[in-house]
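Undergrad: sequence? don't have it. structure:
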C-alpha cells in the first residue's frame, strides 16, 4: 500500500537545515517518506543500529519541556550511531542571562554537528541556523510557528495507510491559532496534494485563514464530511482562562471527536493526534482507542522520519 | 561666523522647487535666495545640480538619555540625525527618568546644544513620570522649551487625563502627541493581525487597536477644541478617520514613519521572522501601506517621522519573539524613502516627500520654531544637500548611532543626503569627495 514507484524519483538532497516543511517540494516529500520506510526496517532488526552518523555529535537543545519529541529524536540519533548530548535549558535563554547568539557560538565551539532545537519563540530555529556556520539545525518546534518533523511523521503515517495522498481530504480540528503542528501540517498536506479543511472555535482561528491556503468550517461535521483523515489538535486548558472558549465541556460537545463525528468521515478514515491526548476534551476515548486511531503508529513513525531526516541532512547521505 | 554662497543647486524651499539656484548664508541666517548673487567674501559651495533643501525635521526620535545611554545618548543621536540630513529632532520623553518636569526638559536641551550637531527639541510627558495618572507641569515644561506633550511608548492612560490635557493645553501650548493604541488589543502582540500572524502563529495586533484610540482622540478633540497629533500612523482605517476629522475642521494632525511607507508585513514573512522588522505599530498589510501613501498625497498625513528606536545589537539580535520593538533609521531614513519613492511610487512628486520632511512637520512646532523647514530670507540656515545620483549600500557599522542594525543593512539605495548645516554651521558632510 505504498505510493507508485513513479512518485518516488531519485533526487539530489539539497537541504541542510530544516526549519519548516515549506522548504520541501512534493518530490522531496515522497523521497523522504520512502527513506523513512527503510529506516523503519532498522527499528525491527535485532540490532537496532546502523553506522551512518558514527562520529557525529548531535545536541538536543530543549528550551521547552517535551519528553516525547526529545526521546524520539534521541532514539533516532542513537539508532544512527550518533553521539548524543541532551541539553535542557529550563525557562528561556534569558533566564540564564545568556543570549541565544552566545548559546549558538558555544555549541559550535564544542564541535556539535547536528543541533535539534525546541524553543518557545517563533523564529528561534531560523535564528539559530543563521548563527551557526558548521552545524545543521533541525527544528523540533519554534513557538506557535512550525513543527516540521511532526508534520512529516503525520504524512508518513497517512501514506503508509492510504498510499498515494493525492486528492485526499484531511480535516484538522481544534486550536489552529496557537498550533505549530497545524501550521506545518497544513503546508505538508497541501504540498503533497491533499484538500485541507480546518475547524474549531472562531476565537482559535487566525483571522486570515486564506493566508494558510485552506478552508475553514465552523461546524466540525462539515469539515469532517468525507474526510480521509481526521486530525485532532491538543487543546491547552489555559486557553480557556484566556477566554477563548467558555468551558472544556462546551468545547468537547461542539468540536470534540466522538464516534458520532467520525461517522461523517469516509469509512476507514484515520483518526490522528500529535499527543499527548486529552481524553474527553478534543478526543473521546472511543475514538482514541478505536480501530480508526493511528495515534500510536504516529509515535513509531516519528522515530523513522527523524532517522530519515538526520540521515539526509546530517551528512550521512554524503 | 562667515558667509557661505551655495551655487548651482536645485533649491526646494519647503513647499516647492523654485526658480533660483543660489543661496547666501550670512551667520546663522539665510540672507538671500536668487540667481547671480554677489558675495565676494563668501565661501563658495558648488552644487553641480544637487538638491538644496531645508534641513529635515523629525518630530519623533527616541534617544535613551537619560537612563540608557549605552543604547543612544543625546550626542550620538544628534550626530546620527545630522548624518541622515536631519537638522531638527524631537526627542521623545520616555526615558529613565521620563521627561516630565522642567529641569529634565532643560537637561535634554543643554545636552543637545553641547553635541553641536542636529538641533534637539524635547517633548515632555503628558503625565507625571509618564505614569498616566496626574497631569505633568505642562506650562512649566512649555516655558522650558518642550515642543510636544506625549506619553509615547504608550497611549494616554485614561480618557479623562487625555481630556484634561487637551483642555489645559488648548490652542496656545504645544500639541498633544498621541501614540494611538488600545492596550487590551495590543497585549502580547508581536505582528500585524493578518497574513503574517496567520502564517507565523505570532500574536496579532489588530488594526482596530489603532483605530479605536484615534476615534477616542478625535472625540476628545471635538469636545474640548484641543489639538491632537497622532503619531506613527500605520493603518488604512485610522487614516480614514483622520481624513474625516480634518474635513470636519478639527485641529487634528498626524504622521507616519519611513518604515511603514516603505515596508509591509510581507517583509517580516520573507525575512524568515527576522527581528530587525519587529516594530510597534507593526508593519501592516500592503493595503494599509498603500493607504498611507494616499494619505500623504491628499494631506491627511502631515509629516513623515523616523520613530528612531536605537536598540543595541545585543538586545535586538534575538529570535523575533524575544526581541524588542523598534527600528533605528536616522542615518538611512531619507535614502530609504527617496529610493522607494523612485522605484515603487514614481508618480509621487519629490517635492511632496520633501515637504513632509521639512515645512510640514515644522509647522506643527511651537511658534518660535515655525520658520524651520523653510528656505527664505531671514530663516535659520538649516540646510541639507541631497545627491540624487549617489548610490550606496547601507552599512550600519559606519553609523554614528549606537544602534547598529536596521532592516536595510546591505541594501543599495539611491538618493542620499551628503551635507548638513544648522544655523549656518556645517555639522556633517559625507566622508568622500562630493
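TA: Ah, there it is. Treat the numbers as computed from the prediction; the structure is a model and nothing was measured. Residues are numbered from 1 along each chain as shown, chains lettered A, B, ... in the order given.

Undergrad: Show me what residue of chain A gets nearest to chain B.
TA: Chain B sits closest to residue A:144 of chain A, with a gap of 2.8 Å, by Cβ to the nearest Cβ. For glycine as for every other residue, the C-beta is placed from the backbone atoms N, C-alpha and C.

Undergrad: count of neighbours near the residue nearest to that residue when sequence neighbours are not counted?
TA: Counting by Cβ to Cβ, 6 or more residues apart in numbering or on different chains, residue B:201 is the residue found nearest to residue A:144 once chain neighbours are left out, at 2.8 Å. Using other Cβ atoms under 10 Å in any protein chain shown, residue B:201 has 24 other residues around it.

Undergrad: In contact with residue B:201, which residues?
TA: Contacts for residue B:201 were tallied using Cβ atoms under 8 Å, 6 or more residues apart in numbering or on different chains; they are A:122, A:143-145, A:177-180, A:183, A:206.

Undergrad: dump the residue contacts of residue A:215.
TA: A:196-198, A:209.

Undergrad: which one of these has the most neighbours?
TA: By neighbour count, taken as other Cβ under 10 Å, the most surrounded of the contacts of residue A:215 turns out to be residue A:198 (27 neighbours).

Undergrad: Off-centre distance for the helix or strand harbouring that one?
TA: Element membership for residue A:198, per DSSP states H and E: strand A:195-199. In terms of Cα atoms, centre = their mean, to the nearest Å, the centre of strand A:195-199 is set 17 Å apart from its chain centre.

Undergrad: Name the strands paired with it and say parallel or antiparallel.
TA: Strand A:195-199 has its sheet partners listed here by DSSP bridges as strand A:169-173 (parallel), strand A:215-216 (parallel).

Undergrad: Mean confidence (pLDDT) on it, please.
TA: Strand A:195-199 carries an average pLDDT of 98.

Undergrad: next one: phi and psi at the residue nearest to residue A:144?
TA: Main-chain torsions, residue B:201, degrees, to the nearest 10: phi 80, psi 0.

Undergrad: Run through chain B and note the low-pLDDT ranges.
TA: Counting by pLDDT under 70, chain B has low-confidence residues at B:1, B:433-434.

Undergrad: What parts of it come near chain A?
TA: Contact residues (Cβ under 8 Å from any Cβ of the partner chain) of chain B with chain A: B:190, B:193-195, B:197-202, B:204, B:206, B:272-275, B:314, B:317-322.

Undergrad: can you pull the contacts of the residue most central in space within chain B?
TA: Centroid-nearest residue in chain B: residue B:305, 2.3 Å away (criterion: Cα atoms, centre = their mean). Going by Cβ under 8 Å, 6+ apart, residue B:305 touches B:58-61, B:231-232, B:255-258, B:361.

Undergrad: Helices of the stretch 201-318 of chain A, start to end?
TA: Under the criterion DSSP state H, counting those that start in this stretch, the stretch 201-318 of chain A contains helices at A:220-224, A:238-241, A:248-255, A:259-262, A:285-288, A:295-313.

Undergrad: Local confidence estimate at the residue sitting nearest the centre point of chain A?
TA: In chain A, the centroid-proximal residue (Cα atoms, centre = their mean) is residue A:150; its distance is 1.1 Å. Note on residue A:150: pLDDT of 98.

Undergrad: Can you verify my assumption that it contacts residue A:273?
TA: No. Using Cβ atoms under 8 Å as the test, residue A:150 is too far from residue A:273 to be in contact (10.9 Å).

Undergrad: count of neighbours near residue B:96?
TA: If you count neighbours by other Cβ under 10 Å, residue B:96 ends up with 10.

Undergrad: what about it, helix or strand, and which?
TA: Using DSSP H and E, no helix or strand contains residue B:96.

Undergrad: List the residues that contact the residue lying closest to it once chain neighbours are set aside.
TA: With sequence-adjacent residues excluded and distances taken as Cβ to Cβ, 6+ apart, residue B:96 is closest to residue B:67, at 2.8 Å. Going by Cβ under 8 Å, 6+ apart, residue B:67 touches B:95-97.

Undergrad: from what I can see residue B:106 touches residue B:145, true?
TA: Yes. Between residue B:106 and residue B:145 there is a contact at 7.2 Å, judged by Cβ under 8 Å.

Undergrad: ok, those two, which is more surrounded?
TA: Neighbours per residue, other Cβ under 10 Å: of residue B:106 and residue B:145, the larger number sits with residue B:145, 19 against 16.

Undergrad: wait, that one sits on residue B:122?
TA: Yes. Between residue B:145 and residue B:122 there is a contact under Cβ under 8 Å: 6.3 Å.

Undergrad: Report the set of residues contacting both of those two.
TA: Common neighbours of residue B:145 and residue B:122 (criterion: Cβ under 8 Å, 6+ apart): B:105, B:109.

Undergrad: Now intersect the contacts of residue B:305 with the helices, please.
TA: Among the contacts of residue B:305, the subset assigned to helices under DSSP state H consists of B:258, B:361.

Undergrad: In three-state terms, label residue B:389 for me.
TA: For residue B:389, the assignment made with DSSP: H, G, I helix; E, B strand; the rest coil gives strand.

Undergrad: Nearest residue to it in space, please, no chain neighbours.
TA: Sequence neighbours aside, residue B:414 is the residue nearest to residue B:389 in space, at 7.6 Å (criterion: Cβ to Cβ, 6+ apart).

Undergrad: my read is the one you found is in a helix, agree?
TA: No. Per three-state DSSP, residue B:414 lies outside any helix segment and is strand.

Undergrad: Tell me the residue of the stretch 151-300 of chain B that sits nearest chain A?
TA: Residue of the stretch 151-300 of chain B nearest chain A, by Cβ to the nearest Cβ: residue B:201 (2.8 Å).

Undergrad: that older thread, just put the helices of the stretch 201-318 of chain A in TSV and tack on distance to residue B:215, mean neighbour count and mean pLDDT.
TA: As requested, the helices of the stretch 201-318 of chain A are arranged in TSV below (distance: least, Cβ to Cβ, whole Å; neighbours: other Cβ atoms under 10 Å in any protein chain shown; pLDDT from 0 to 100):
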stretch	distance to residue B:215	mean neighbour count	mean pLDDT
helix A:220-224	37	20	98
helix A:238-241	30	12	79
helix A:248-255	33	17	94
helix A:259-262	43	17	96
helix A:285-288	48	18	97
helix A:295-313	49	23	97
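
Undergrad: Make TSV out of those helices and add distance to chain B.
TA: Listed next are those as TSV, based on distance: least, Cβ to the nearest Cβ, whole Å:
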stretch	distance to chain B
helix A:220-224	18
helix A:238-241	13
helix A:248-255	19
helix A:259-262	25
helix A:285-288	26
helix A:295-313	17
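
Undergrad: Relative to residue B:284, which of those is closest?
TA: Each of the helices of the stretch 201-318 of chain A has some distance to residue B:284 by Cβ to Cβ; the shortest is helix A:238-241, at 26.1 Å.
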